[in-house]
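# I'd like to go over a predicted model; first the sequence, then the structure.
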Amino acid sequence: MSAPTVPLATRPPALLSRWPSQGLLTSTGLSVTGNAMVAVVVPVLVLARTGSPALAGLAISAAFAAMVPALVFGGTLIDRWGRRRISVAADLLSGAAVAALPLLDLVAGLTIVSVAALVAVGAAFDGPGMAAREALRPDVARAAGLPLERVNACGEATDGIGNVAGPALAGIGIAVVGITGTLWAAAAMFVAAAATTALSVPGQLRPVPQRESYLAATTAGLRRVWRDATLRALAVAGMLVMLFVAPLVLALTSATRTSGPQGQAGLLVAVLSIGLIVGALGYGALARRVRRRPVVITSLTLASAALAALALAPGTAMTTVLVAVVGLGFGPVNPIFAVLAQERTPQHLRGRVIGTLGSLSLLASPVGTLLAGVLLQTSGPAATFAVIALGCLLGTAYIALTPGLRHIERTEELEDQP
């Protein structure tokens with residue numbers, strides 16, 4: 001059963017259109033694309049200035065380090081100041097942090113410290129911005145009269161599209177206009193995202209303000225996740241899956257570095273992303289006709305089987321097919337997890353709960369990547385794929401057995417249309 005919610009402010013009939021949902025998806029795509037461009041350009045910038053891969057890795061690590069606390073404490077800002085307002089502000093501030101890189105380079109010159117600091121600042125704004133856009137999905141779904149599952153599926157697919165388009169645009173930009181020009185283009189993406197959200201998502205779509213201290217408000221979100229069996233199970237499941245899935249790109253890159261043709265790693269990452277997009281959109285189209293729990297268990301089992309097959313070191317063609325299957329398997333999982341979090345959370349806590357769940361998943365990502373790096377160094381890609389597959393099966397078993405995820409179907413009857 002859905003948790004009780006705080007009533008939204010009155011919405012005029014003009015809002016009952018699909019423009020809010022389309023605008024939110026557009027701003028999501030622009031923001032994710034900008035982030036993906038920065039993720040490519042910053043290491044290239046550091047390598048060009050220092051020639052050190054370790055320093056390039058440090059700059060990216062600064063982003064992960066900043067996002068975790070920003071998600072936890074930024075969730076309170078989302079619930080206090082409004083989801084639309086935080087989404088717009090986060091994109092504008094992220095764009096400003098990116099634009100500061102070429103500006104500072106022009107005025108005083110960049111150092112590794114200044115690059116890492118600006119990347120961390122930008123990432124600190126990115127976290128609450130992502131959580132705010134996810135928290136807006138139920139609002140725009142209601143305004144557009146669309147199923148929540150479909151809006152979440154399209155949102156996750158849009159993330160995938162941005163993560164595919166961003167690196168491609170960054171590569172083209174670096175070749176055509178250089179590093180500085182590409183950074184300006186990424187900053188413009190964030191500004192366009194903020195403008196799209198401001199123009200498309202109605203200002204009335206925000207919860208009633210709550211009067212409580214900042215620390216008490218943040219703690220209330222953490223308590224909600226801990227005390228609700230479904231949210232607690234979602235947090236554990238998300239951490240388990242991310243612990244083993246986060247190193248997948250690193251494992252694919254390592255596997256193709258010496259044995260595969262040049263450029264195969266990039267192709268496989270693109271195929272993985274396309275599989276995720278297709279899987280998410282496929283679930284969105286069928287969500288009203290299928291049950292959530294069997295879809296999650298079946299999808300993760302399929303992805304685990306494909307990962308286990310990758311451990312057998314198949315040829316290039318079969319590897320490509322298996323990576324696509326992995327993406328298809330993982331595709332429906334994020335939309336379903338997002339819907340469950342939204343349904344189980346009252347509106348006045350939505351930003352805090354989404355921020356808490358996201359921060360826990362992010363905590364697992366660097367741990368999994370670090371351990372996978374050691375395993376790749378000592379045992380090679382085949383053993384790493386086998387461990388990733390076993391880890392995904394472990395996550396699947398937890399989801400299948402935990403009482404918190406046993407009753408997660410929507411309350412209304414499944415549609416029985418052909």
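Here it is on my side, so go on.

# show me where pLDDT drops low in the stretch 101-250 of the chain?
203-211 (pLDDT under 70).

# which strands and helices lie in contact with the strand or helix carrying T384?
According to DSSP states H and E, T384 maps onto helix 381-401. Here helix 381-401 touches helix 229-245, helix 248-258, helix 292-310, helix 350-379, going by 3 or more C-beta pairs under 8 Å, 6 or more residues apart in numbering; DSSP states H and E. Heads up, the C-betas are built off the backbone N, CA and C, glycines and all.

# please identify the buried residues of the last one?
Yep, that's helix 350-379 we're talking about. Going by neighbour count (16 or more other C-beta atoms under 10 Å), the buried part of helix 350-379 is 350-366, 368-369, 371-372, 375-376.

# next: the first one.
The neighbour-count check on helix 229-245 (16+ other C-beta under 10 Å) flags 230-245 as buried.

# nearest to L405 among these?
Set against L405, the nearest of those by C-beta to C-beta is A233 (4.8 Å).

# what sits closest to that closest one if chain neighbours are left out?
G404 (2.9 Å; C-beta to C-beta, 6 or more residues apart in numbering).

# what's around that neighbour, how many residues?
Using other C-beta atoms under 10 Å, G404 has 20 other residues around it.

# surely it touches R232?
Yes. Between G404 and R232 there is a contact under C-beta atoms under 8 Å: 5.9 Å.

# tell me the domain ranges of this protein?
15-209, 217-408 (automatic domain parsing).

# before we move on, the earlier item: separation between the residue nearest to A233 and D228?
In this structure, G404 and D228 are 8 Å apart, going by C-beta to C-beta, to the nearest Å.

# hang on, the earlier thing: export the helices and strands packed on helix 381-401 to JSON lines and append columns for distance to G284.
As requested, those are exported to JSON lines (distance: least, C-beta to C-beta, whole Å):
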{"stretch": "helix 229-245", "distance to G284": "19"}
{"stretch": "helix 248-258", "distance to G284": "23"}
{"stretch": "helix 292-310", "distance to G284": "12"}
{"stretch": "helix 350-379", "distance to G284": "19"}
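
# worst average pLDDT in the ones you listed?
Among these, helix 248-258 carries the lowest mean pLDDT, a mean of 74.

# spatially nearest residue to T197 (excluding sequence neighbours)?
T197's closest residue in space is S27 (C-beta to C-beta, 6+ apart), at 4.3 Å.

# ok, the one you found to R227 distance?
Here S27 is placed at a distance of 33 Å from R227 (C-beta to C-beta).

# quick check, central residue of this protein?
D159 (6.7 Å; C-alpha atoms, centre = their mean).

# what helix or strand is the nearest residue to it once chain neighbours are set aside on?
Once flanking residues are discounted, D159 sits nearest to V32: 5.2 Å by C-beta to C-beta, 6+ apart. In the assignment (DSSP H and E), V32 maps to helix 19-50.
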